[in-house]
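Visitor: A structural model of the following input is requested.
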Amino acid sequence: MKMSEKLISAEEVVKHTTSESCWVVLYGNVYDVTEFLPSHPGGSKIILQLAGRDATEEYDPIHPPGTLEENLKPEAKLGKIDPQTLVRTTKTAAKEEKKGVSADEIPPMESLLNLDEIEQVATKRMPEKAWAYYYSSSDDTFSKSFNNKVYRDILLRPRVFIDCTRCDSSTTLLDHKVGLPIFVSPAAMARLGHPDGEAGIARACAKFGAMQVISNNASMTPEQIVADAKPGQMFGWQLYVQNDRAKSEAMLARINRMRDRFKFICLTLDAPVPGKRELDEKQNFKNAVTVASGVKTASEPNRPGGGGVGQQLFFGTASDLTWKVTLPWLAKHTDLPIVLKGVQTHEDAYLAAKYAPQVRAVILSNHGGRALDTAPPAVHTLLEIRKYCPEVLDRIEVWVDGGIKRGTDVVKALCLGAKAVGIGRPALFGLGAGGQAGVERTLEILKAETETCMRLLGVEKVSELSPRHINSRKVERDIFEGDAGLETFGLWDKVKSKL
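Guide: Just a heads-up that it's a prediction; the model follows:
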């Protein structure tokens with residue numbers, strides 16, 4: 001009998017629970033993961049907590065297919081678990097019972113009237129680990145809450161006696177037509193919240209013609225996610241450049257081969273190191289009964305913070321990116337347009353525009369408040385650009401994300417010059433509330449609210465929205481005040497300044 005066909009009893013597996021000999025069961029197979037412990041992105045402790053038992057339920061929502069084969073040697077697969085000796089658990093059912101939510105108690109999606117109600121249902125339905133990862137933000141969570149609050153401080157200026165029977169919320173992004181000025185921002189680990197995962201989000205986006213930027217840390221492969229895409233459906237691929245550049249280069253080559261679906265690379269810059277997301281990190285210390293806190297193998301590198309999903313995902317991400325080195329490196333490996341995500345000052349927006357046409361757009365974002373707490377909301381950066389270098393808005397597209405909860409938020413960003421508005425958590429909470437149907441309901445609500453707002457402003461098309469439709473005076477008082485601080489040369493000699 002071949003080694004791969006060998007039956008191994010559960011009693012034998014539970015004998016291997018140390019850093020010297022660590023076995024786990026995944027998808028009915030027994031693996032010796034001892035050699036992999038030091039290099040696991042989440043640290044050895046995560047695996048050791050699952051040692052000696054079936055880890056499929058914890059592993060599956062986080063890792064796309066092919067991860068095992070990519071990281072383990074063939075001989076690491078020891079055989080199959082003897083099903084007669086395996087005690088099956090009902091952890092998922094227990095969690096739902098603990099939360100007091102059954103399938104019969106899930107409200108119809110159409111009864112949920114706003115994004116807050118969708119988030120409330122998702123919070124009850126999702127595993128606690130998933131909720132903590134999605135909901136968490138850095139330090140005191142100020143930036144996360146302020147991202148939304150700042151929109152409340154911008155007032156709308158409705159016009160009357162205007163025919164508002166027609167309203168078209170479609171637009172173009174990077175010369176591709178989309179059905180909404182709303183896109184799904186890259187948000188990792190969608191299958192933590194619901195089995196539909198990123199593919200469910202993609203199918204929901206298809207119904208509205210919405211663009212989706214797929215996370216570098218998606219829980220499904222890019223091929224799986226776009227498999228059911230409709231003709232013309234637009235995707236972008238988020239890139240976190242790895243210290244091992246070969247891995248990033250291989251992924252770029254993979255995305256290049258799917259350019260009929262992927263229309264740009266979204267290089268994320270706002271989190272060169274992970275923020276301190278305490279709610280997420282706390283999950284790392286729950287149910288840790290088999291391994292003492294802080295245990296790691298002798299050859300394992302140190303990791304900052306207390307762990308959590310966020311720390312796991314960022315381990316191995318490069319923090320040495322620069323304008324002069326990284327963009328030329330990207331040009332060698334892809335000719336797809338580059339979108340820079342995480343711009344938080346007018347100076348960096350100005351620099352990005354100098355690299356057009358390789359750089360076609362920027363996303364003003366503070367990473368959903370998950371990186372540097374008290375970093376500015378996208379609205380502040382957008383106002384800075386209008387004040388210090390408004391020509392940027394003509395040279396490249398400016399998108400924003402963070403804090404969007406209402407269609408009025410979408411419209412206000414568009415009035416200030418944003419070309420599109422991204423949602424991250426709302427898509428994940430929609431997924432957690434009802435799978436694909438929950439994401440569809442999220443987009444349906446935002447589309448309806450956006451179009452209602454446009455009609456009441458007397459605007460028929462997205463392109464007609466302008467600063468005249470809002471009063472942003474209260475927010476303008478809080479934005480950066482100082483020298484423009486821009487390097488100027490060539491076509492950019494004459495910097496517009498209102499100092």
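
Visitor: ok now stretch 228-248, how far from the chain's centre?
Guide: Remark: stretch 228-248 is offset 12 Å from the chain centroid, using C-alpha atoms, centre = their mean, to the nearest Å.

Visitor: Buried residues, it. List them.
Guide: Ala229, Gln233, Met234, Phe235, Gly236, Trp237, Gln238, Leu239, Tyr240, Val241, Gln242, Ser248 (16 or more other C-beta atoms under 10 Å). Yep, even glycine has a C-beta here, placed from its N, CA and C like the rest.

Visitor: can you put the residues you listed in JSON lines and add pLDDT?
Guide: Listed next are the buried residues of stretch 228-248 as JSON lines, based on pLDDT from 0 to 100:
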{"residue": "Ala229", "pLDDT": "94"}
{"residue": "Gln233", "pLDDT": "97"}
{"residue": "Met234", "pLDDT": "97"}
{"residue": "Phe235", "pLDDT": "98"}
{"residue": "Gly236", "pLDDT": "98"}
{"residue": "Trp237", "pLDDT": "98"}
{"residue": "Gln238", "pLDDT": "97"}
{"residue": "Leu239", "pLDDT": "96"}
{"residue": "Tyr240", "pLDDT": "94"}
{"residue": "Val241", "pLDDT": "94"}
{"residue": "Gln242", "pLDDT": "91"}
{"residue": "Ser248", "pLDDT": "95"}
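
Visitor: residue ranges of the helices in the stretch 251-400 of the chain, please?
Guide: Using DSSP state H, counting those that start in this stretch, the helices of the stretch 251-400 of the chain run over residues 278-282, 308-314, 323-333, 346-354, 378-388, 392-395.

Visitor: I'd like those helices as JSON lines, with mean neighbour count and distance to Leu269 appended.
Guide: Shown next, in JSON lines, are the helices of the stretch 251-400 of the chain (neighbours: other C-beta atoms under 10 Å; distance: least, C-beta to C-beta, whole Å):
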{"stretch": "helix 278-282", "mean neighbour count": "19", "distance to Leu269": "21"}
{"stretch": "helix 308-314", "mean neighbour count": "23", "distance to Leu269": "13"}
{"stretch": "helix 323-333", "mean neighbour count": "14", "distance to Leu269": "9"}
{"stretch": "helix 346-354", "mean neighbour count": "21", "distance to Leu269": "8"}
{"stretch": "helix 378-388", "mean neighbour count": "24", "distance to Leu269": "13"}
{"stretch": "helix 392-395", "mean neighbour count": "18", "distance to Leu269": "16"}
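
Visitor: With Ile470 as the reference, name the closest of the ones you listed.
Guide: Among those, helix 378-388 comes nearest to Ile470, with 10.6 Å by C-beta to C-beta.

Visitor: Counting by contacts, list what the closest one packs against.
Guide: Secondary-structure packing of helix 378-388 (3 or more C-beta pairs under 8 Å, 6 or more residues apart in numbering; DSSP states H and E): helix 142-152, helix 346-354, strand 359-364, helix 392-395, strand 397-401, helix 407-415, helix 473-476.

Visitor: run the last query once more with 6 Å
Guide: Applying 3 or more C-beta pairs under 6 Å, 6 or more residues apart in numbering; DSSP states H and E, one finds that helix 378-388 contacts helix 346-354, strand 359-364.

Visitor: For Ala51, give me its contacts.
Guide: By C-beta atoms under 6 Å, 6 or more residues apart in numbering, the residues touching Ala51 are Thr17, Cys22.

Visitor: if we can go back for a sec, include mean pLDDT and distance to Ile214 when you put the helices and strands packed on helix 378-388 into JSON lines, please.
Guide: Listed next are the helices and strands packed on helix 378-388 as JSON lines, based on pLDDT from 0 to 100; distance: least, C-beta to C-beta, whole Å:
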{"stretch": "helix 346-354", "mean pLDDT": "96", "distance to Ile214": "22"}
{"stretch": "strand 359-364", "mean pLDDT": "98", "distance to Ile214": "14"}
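
Visitor: Which of those sits closest to Gly66?
Guide: Gly66 lies closest to strand 359-364 among those, at 28.6 Å (C-beta to C-beta).

Visitor: now the closest one, how far from the centre of its chain.
Guide: On C-alpha atoms, centre = their mean, the centre of strand 359-364 falls 16 Å from that of its chain.

Visitor: just stretch 218-229 next, same as before
Guide: With C-alpha atoms, centre = their mean, you get 15 Å for stretch 218-229.

Visitor: One more: stretch 20-31?
Guide: 30 Å.

Visitor: Which residues does that stretch contact?
Guide: Outside stretch 20-31, the residues that touch it by C-beta under 6 Å, 6+ apart are 8, 13, 16, 32-34, 50-51, 54-56, 59, 76-81.

Visitor: Would you indicate which residues of that stretch are buried?
Guide: For stretch 20-31, a neighbour-count test (16+ other C-beta under 10 Å) marks Cys22, Trp23, Val24, Val25, Leu26, Asn29, Val30, Tyr31 as buried.

Visitor: For the fifth one, grab phi and psi.
Guide: So the one you mean is Leu26. When read as degrees, to the nearest 10, the backbone of Leu26 gives phi -140, psi 120.

Visitor: so what's it bridging to?
Guide: Asn29 (DSSP bridges).

Visitor: okay, the helices of the stretch 251-400 of the chain in a markdown table with distance to Val462 next?
Guide: Formatted as a markdown table, those follow (distance: least, C-beta to C-beta, whole Å):
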| stretch | distance to Val462 |
| --- | --- |
| helix 278-282 | 36 |
| helix 308-314 | 34 |
| helix 323-333 | 30 |
| helix 346-354 | 21 |
| helix 378-388 | 16 |
| helix 392-395 | 15 |
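
Visitor: can you tell me which of these the model trusts least?
Guide: When these are compared on mean pLDDT, helix 308-314 scores lowest, with a mean of 55.

Visitor: Is Tyr31 in a helix, a strand, or coil?
Guide: Of the three states, Tyr31 takes strand under DSSP: H, G, I helix; E, B strand; the rest coil.

Visitor: and if you look at Gln224?
Guide: Assignment for Gln224 (three-state DSSP): helix.

Visitor: Can you pull the phi/psi pair for the nearest residue to Val273 once chain neighbours are set aside?
Guide: Of all residues beyond its chain neighbours, the one nearest Val273 is Ser319 (5.6 Å), with distances taken as C-beta to C-beta, 6 or more residues apart in numbering. Phi and psi for Ser319, reported as degrees, to the nearest 10, are phi -120, psi 20.

Visitor: And Ala418, by the same measure?
Guide: Torsion angles at Ala418 (phi, psi; degrees, to the nearest 10) stand at phi -70, psi 140.

Visitor: What's the local residue count around it?
Guide: 25 (other C-beta atoms under 10 Å).

Visitor: quick one on the thing from earlier: so which of the helices of the stretch 251-400 of the chain is nearest Pro186?
Guide: The closest of the helices of the stretch 251-400 of the chain to Pro186 is helix 308-314. By C-beta to C-beta, the value is 11.5 Å.

Visitor: Thanks again, I'm all set now.
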